[in-house]
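> When you get a sec, could you give me coordinates for this:
(3 chains)
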Amino acid sequence: MAEHPKLARLLLLADLGGTFLFAIEGAMAAAKGGLDVLCLAVLAFATALGGGIIRDVLINAAPPAAIRDWRYPATAFAGAACVFFLHGEIEQFPQDALTALDAAGLSLFAVAGAGKALAFGINPLIAVLMGTITGVGGGTVRDVLLAQIPTVLRADIYATAAAAGALVVVIGAALRLNPTVAAILGGLVCFALRMAAFTLHWNLPKLMAP
Amino acid sequence: MAEHPKLARLLLLADLGGTFLFAIEGAMAAAKGGLDVLCLAVLAFATALGGGIIRDVLINAAPPAAIRDWRYPATAFAGAACVFFLHGEIEQFPQDALTALDAAGLSLFAVAGAGKALAFGINPLIAVLMGTITGVGGGTVRDVLLAQIPTVLRADIYATAAAAGALVVVIGAALRLNPTVAAILGGLVCFALRMAAFTLHWNLPKLMAP
Amino acid sequence: MAEHPKLARLLLLADLGGTFLFAIEGAMAAAKGGLDVLCLAVLAFATALGGGIIRDVLINAAPPAAIRDWRYPATAFAGAACVFFLHGEIEQFPQDALTALDAAGLSLFAVAGAGKALAFGINPLIAVLMGTITGVGGGTVRDVLLAQIPTVLRADIYATAAAAGALVVVIGAALRLNPTVAAILGGLVCFALRMAAFTLHWNLPKLMAP
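Numbering: from 1, shown residues only, chains lettered A, B, ... in the order given. The predicted structure follows:
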């Protein structure tokens, strides 16, 4: 589908990178909840592969890459295994480092999602939405499974950061920028926006007092 | 797909009308919860487009109209913007008016969902189910995201009303009625049933005391 | 898709059997919650058809069998009707019997899901995942609708049992065993593992104290 093999490889790398980081995060959520090994794997898979599966179903890339390509589940499993064997170490990471890992996964998925949607000939504005959904989808599935209100509705600049990164990719494609450059730029924008919002406690305006 | 351009236009209008009304409702739910602007957009999109996306994935109308056609996200966005700028006014609507808006959206979606399923050659009885899912799907996604038990399980005559409206469309198609007439009839049946149940506190029989 | 008509019939029987058992279980959950008749039908459908629909969407068997084939909704409805008319009797079943019914549904779905994924040419390891998702998907949709943490995350050996049953089917196919024999073996392994875990209170290791 993606005509350029180089672009396809770039999208795959970003997707697998996000898969690995989100698998670690999903598995950590299970470990923190005192859940057992299997739950750890379930949450790692749901967090890592949920966003991409929703995107692929929506853009009609069927069956989803996470199902068609064994490297996706293998990467998610590797992330889960890392948490299983190293959770003591990962746990002692400061909260900032965990947020940075999550922001990196979000950035990779936002860029990969927008790029893949464009490669499937999806309308540019909707490609931005697809990038956002790829970024926030997995965490949302995880939070729904844990019967919690999802991060996307709690963290102020989260979906916004993913949308900004996806927008850069789409604008880059419209301006015929080198896709690799556009993807790196988009990822940096998303990551910087998310970390700045987290560090500086940026908030979007609310309509009413809670 | 829909062979008759007139029928296709009618389905599109009903779908977009429901999208607008449900976007307002989803955004109001976010505003009431004290959520920020982005959450308002997320909930408006999920409520407005969730039902139609689930229907389109199930009947294999891929990619879903909400993804393929920019008018769907634009309509959802317009509904969210209305709430953003006019939420003070909308909030002062009496509860009856809000329920009527919701019932109107439910009716439009039930009719559009059943009609689209028939246009895709789906079995008539399953077309009724598709109309019902289109009507209740978006609100269910919204409630799941808010970690609440969905309206479809709480309100007594809600899915029932959507199913009744969808059934009228399907029976109308079987009797070769004019599709416009059948759609209007179906919408009226759904709306009347929902409002009557709300006003008169109709309940379906329960199996056991709660 | 399934080249052998006999295999196709076997998969259909296992799928419909699981549908019936899970419809009973979903309807019982609604009845226990004091929900009305319509909710009973909604939960029966979601529990019975959710896993298979997710599997069919993921393996691109579109539209899903539950939508294309009237026998699926009819079977789910039959299960819901059983609970409606016989809930007094079903309620007096001991907990062991209800767990055995659930384990039987899980086994049928795990076997049917893995077999169908193989018939659609899905990678064997992912076919195991598809069998597991078919088994646990419906109950997970039900629990999400009820805003509860799903059984798959609470019961220790649940998804594990489904995965084991699906694995037997996939290994059987790799060894060119008779598919009927492999399916029966896989079902027995899943059922035995689930019941043994329930009876003997087996637990998977946890990473941390809750």
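> ranges for the strands of chain A?
For chain A, applying DSSP state E gives no strands.
> anything in the helix of greatest length in chain A near chain C?
For chain A, the helix that runs over the most residues, judged by DSSP state H, is helix A:5-32. Yes: using Cβ under 8 Å from any Cβ of the partner chain, helix A:5-32 reaches chain C at A:30, A:31, A:32. Yep, even glycine has a C-beta here, placed from its N, CA and C like the rest.
> And stretch A:87-107, by the same measure?
Yes: with Cβ under 8 Å from any Cβ as the criterion, chain C is reached by stretch A:87-107 at residue A:87.
> residues in contact with that stretch?
With contacts defined as Cβ atoms under 8 Å, 6 or more residues apart in numbering or on different chains, stretch A:87-107 is touched by A:17-18, A:21-22, A:24-25, A:27-28, A:31, A:82-83, A:135-136, A:139, A:158, A:161-162, A:165, A:186-188, A:190-191, A:194-195, A:198-199, C:207-208.
> mind listing what the closest residue to residue A:49 other than its chain neighbours touches?
Nearest non-adjacent residue to residue A:49, counting by Cβ to Cβ, 6 or more residues apart in numbering or on different chains: residue A:66, 4.2 Å away. Neighbouring residues of residue A:66 by Cβ under 8 Å, 6+ apart: A:49, A:52, A:53, A:56, A:72, A:73.
> so which of the residues you listed comes closest to chain B?
residue A:56 (10.2 Å; Cβ to the nearest Cβ).
> Contact partners for the residue nearest to that closest one when sequence neighbours are not counted?
Nearest residue to residue A:56, sequence neighbours excluded (Cβ to Cβ, 6+ apart): residue A:64, at 3.5 Å. Counting by Cβ under 8 Å, 6+ apart, residue A:64 touches A:52, A:53, A:56, A:57, C:58.
> The helix or strand of chain A with the lowest mean pLDDT - contacts with which helices or strands?
For chain A, counting by mean pLDDT, DSSP states H and E, helix A:151-154 ranks last in confidence among helices and strands (a mean of 78). Packing partners of helix A:151-154 (3 or more Cβ pairs under 8 Å, 6 or more residues apart in numbering or on different chains; DSSP states H and E): helix A:124-145, helix B:37-58.
> Buried residues, that helix. List them.
For helix A:151-154, a neighbour-count test (16 or more other Cβ atoms under 10 Å in any protein chain shown) marks A:151, A:152, A:153 as buried.
> ok, so what distance separates the closest residue to the last one other than its chain neighbours from residue B:29?
With Cβ to Cβ, 6+ apart as the measure, residue B:39 is the residue that lies nearest to residue A:153, at 4.8 Å, once sequence neighbours are left out. In this structure, residue B:39 lies at 10 Å from residue B:29, with Cβ to Cβ, to the nearest Å as the measure.
> Specify which residue of those two has the higher count of neighbours.
residue B:39 (30 against 23; other Cβ atoms under 10 Å in any protein chain shown).
> residue contacts, that one?
Residues near residue B:39 by Cβ under 8 Å, 6+ apart: A:152, A:153, B:30, B:33.
> Then residue A:125?
A:170, B:70, B:73.
> Kindly report the residues of chain A close to chain C.
Within chain A, the positions near chain C by Cβ under 8 Å from any Cβ are A:30-40, A:42-43, A:45, A:53, A:57, A:62-64, A:67-68, A:70, A:73, A:83-84, A:87, A:144-147.
> quick one: low-confidence ranges for chain A?
A:1-4, A:155, A:204-210 (pLDDT under 70).
> again, only using 50
Within chain A, the stretches with pLDDT under 50 are A:1-2, A:209-210.
> residue in it nearest to chain C?
residue A:34 (2.9 Å).
> chain center to the least confident helix or strand of chain A, what's the gap?
Relative to its parent chain, helix A:151-154 has a centroid offset of 14 Å by Cα atoms, centre = their mean, to the nearest Å.
> Which PyMOL command selects the buried ones in the contacts of residue A:125?
If you want just the buried ones from the contacts of residue A:125 in PyMOL, going by 16+ other Cβ under 10 Å, the selection is:
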select buried, (chain A and resi 170) or (chain B and resi 73)
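> so of the contacts of residue A:125, which ones are in helices?
If you go by DSSP H, these have A:170, B:73 in helices.
> Other residues contacting stretch A:176-184?
A:4, A:6, A:7, A:10, A:14, A:111, A:115, A:168, A:169, A:171, A:172, A:173.
> and with 7 Å instead?
A:7, A:10, A:14, A:111, A:115, A:168, A:169, A:172, A:173 (Cβ atoms under 7 Å, 6 or more residues apart in numbering or on different chains).
> which of these come close to chain B?
Among the contacts of stretch A:176-184, no residue sits close to chain B (Cβ under 7 Å from any Cβ of the partner chain).
> ok, and the most crowded of those?
Taking other Cβ under 10 Å as the neighbour criterion, residue A:111 ranks highest of the contacts of stretch A:176-184 with 36 neighbours.
> and of the contacts of residue B:39, the nearest to residue A:203?
Closest approach between the contacts of residue B:39 and residue A:203, by Cβ to Cβ: residue A:153, at 13.7 Å.
> follow-up on the earlier one: ok, of the contacts of residue A:66, which come out buried?
Using 16+ other Cβ under 10 Å as the burial test, the contacts of residue A:66 include A:49, A:52, A:53, A:56, A:72, A:73 as buried.
> re earlier: how close does the residue nearest to residue A:153 get to residue B:47?
As judged by Cβ to Cβ, residue B:39 and residue B:47 stand 12 Å apart.
> Can you give me the neighbour number for the nearest residue to residue A:156 once chain neighbours are set aside?
The shortest distance from residue A:156 to any non-neighbouring residue, by Cβ to Cβ, 6+ apart, is to residue A:203 (4.7 Å). By other Cβ under 10 Å, 11 other residues sit near residue A:203.
> How about residue A:192?
For residue A:192, the neighbour count with other Cβ under 10 Å is 15.
> Residue A:116: what's it in contact with?
A:11, A:55.
> Am I right that residue A:65 is in contact with residue A:72?
Yes: the criterion here is Cβ atoms under 7 Å, and residue A:65 meets it with residue A:72 at 6.0 Å.
> who touches the closest residue to residue A:113 other than its chain neighbours in this structure?
Of all residues not flanking residue A:113 in the chain, residue A:134 sits nearest, at 2.7 Å (Cβ to Cβ, 6+ apart). Contacts of residue A:134 were listed using Cβ under 7 Å, 6+ apart, and they are A:51, A:52, A:55, A:109, A:110, A:112, A:113.
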